[in-house]
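Trainee: can't give you the sequence, but here's the structure:
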């Protein structure tokens, strides 16, 4: 039988606590090493990956929904414009023929917009060209954010339906009969060489008919930082390649038309020029002059017999003419029309075309001027 030998170290009583510490550390290390580290970490990584996939799918879904919403709005606007065109065609007969002014108010100067079209969200919609290459209605909600920030480029490459390059230097300021007229003005949206936004328009239509209203919209937006719903519809009749005119409608959105509202028809004419709207051809309107006639040869008349001088007759006293009413009028020297100072047409008139005069209505008519049909001075 083997004897058990007890070995004793010096100071073993002082070392006993340290041995227990080492034993505890060893047990703790053993337990730690037995934990399934890889299995614990793996689900965390997997969860992160699942979250990433879900975020990607959510972003893609939102983008698709956004595109679908945009497409739906485009379809709604297209349907709305088709409905409006049908209404406008029925009421076209009520538009008066051109007299002397570049435009006339229609529909009681109230646009045809519906409530569902009113929005403060800026947008632009331009109809596709029809089978004859003609533009349709263009509508936009314009604001500060839609106005151009770059210089305007060239549009000479665009040839709208019915386009002809022709000059009448002695009749037209700017010489050329036709301009490439923007339906929605460049200063409002920055749309320049867009074929769906350009028609063949006379210099008179561009400068006297459309520009004053475009300036009015731009001034209102810059002054208030509000939005304006604006639509321009070219009036093509039958298979004509050149529009007879354009219908322009506008309403300020935030104040529901209190700041700005109009519904006018501007004539696509040029004084002194006859236009064939079917083709765009034109010719000067010549004043008709009577042909000189030969006087028949007559036999010499016998010398007249002396006639006794008539007896003087008493002339009746002259009847005094009624005094004519003297007033202040504003003449548009470009159109030859005179207005009362409060007429809305005066506000849109260029300063260079304004002439203030004092006189009577009959005096102005006798001088060749015609009264405005709106204010009826």
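Mentor: Arrived safely, thanks for sending. Worth saying up front: this structure is predicted, and the values here are computed from it rather than measured.

Trainee: now do the end-to-end distance for stretch 343-363.
Mentor: 20 Å (C-alpha to C-alpha, to the nearest Å).

Trainee: check the offset of it from the chain's centre.
Mentor: Relative to its parent chain, stretch 343-363 has a centroid offset of 27 Å by C-alpha atoms, centre = their mean, to the nearest Å.

Trainee: any residues touching it, and which ones?
Mentor: 101, 105, 212-213, 216, 324-335, 337-341, 364, 371-372, 374-375, 377 (C-beta atoms under 8 Å, 6 or more residues apart in numbering). Bear in mind the C-beta positions are built from the backbone N, C-alpha and C, glycine included.

Trainee: hmm, 6 Å instead?
Mentor: Outside stretch 343-363, the residues within contact range by C-beta atoms under 6 Å, 6 or more residues apart in numbering are 212, 324-326, 328-334, 339, 372, 375.

Trainee: likewise stretch 178-186?
Mentor: Contacts to stretch 178-186, defined as C-beta under 6 Å, 6+ apart, come from residues 138, 140, 152, 155, 158, 192, 197-201, 203, 206, 214, 232.

Trainee: for stretch 204-223, same thing?
Mentor: 102-103, 143, 179, 181, 185, 187, 228, 248, 250, 259-260, 266, 268, 270, 348.

Trainee: OK, contacts around residue 224?
Mentor: Contacts of residue 224 (C-beta under 6 Å, 6+ apart): none.

Trainee: for residue 144, see how far away it is.
Mentor: Counting by C-beta to C-beta, to the nearest Å, the separation of residue 224 from residue 144 is 10 Å.

Trainee: and for residue 267?
Mentor: Distance from residue 267 to residue 144, by C-beta to C-beta: 31 Å.

Trainee: who has more neighbours, those two?
Mentor: When neighbours are counted by other C-beta atoms under 10 Å, residue 267 and residue 144 differ, and residue 267 comes out ahead with 24 against 12.

Trainee: mind listing the residues bridging to the more buried one?
Mentor: For residue 267, the beta-bridge partners are residue 245 (DSSP bridges).

Trainee: pLDDT score assigned to it?
Mentor: With respect to pLDDT, residue 267 scores 98.

Trainee: was I right about it contacting residue 244?
Mentor: No. Residue 267 is not in contact with residue 244 according to C-beta atoms under 6 Å; the separation is 7.5 Å.

Trainee: number of nearby residues for the closest residue to residue 278 other than its chain neighbours?
Mentor: Of all residues beyond its chain neighbours, the one nearest residue 278 is residue 240 (5.2 Å), with distances taken as C-beta to C-beta, 6 or more residues apart in numbering. When neighbours are defined as other C-beta under 10 Å, residue 240 has 18 of them.

Trainee: I'd like the numbering to begin with 458 instead of 1 from here.
Mentor: Fine by me, first position is 458 from now on; the one you just mentioned is residue 697.

Trainee: three-state assignment of residue 697?
Mentor: Under the three-state scheme (DSSP: H, G, I helix; E, B strand; the rest coil), residue 697 adopts coil.

Trainee: relative to residue 691, how far out is it?
Mentor: From residue 697 to residue 691 the distance is 10 Å (C-beta to C-beta).

Trainee: then residue 716?
Mentor: From residue 716 to residue 691 the distance is 27 Å (C-beta to C-beta).
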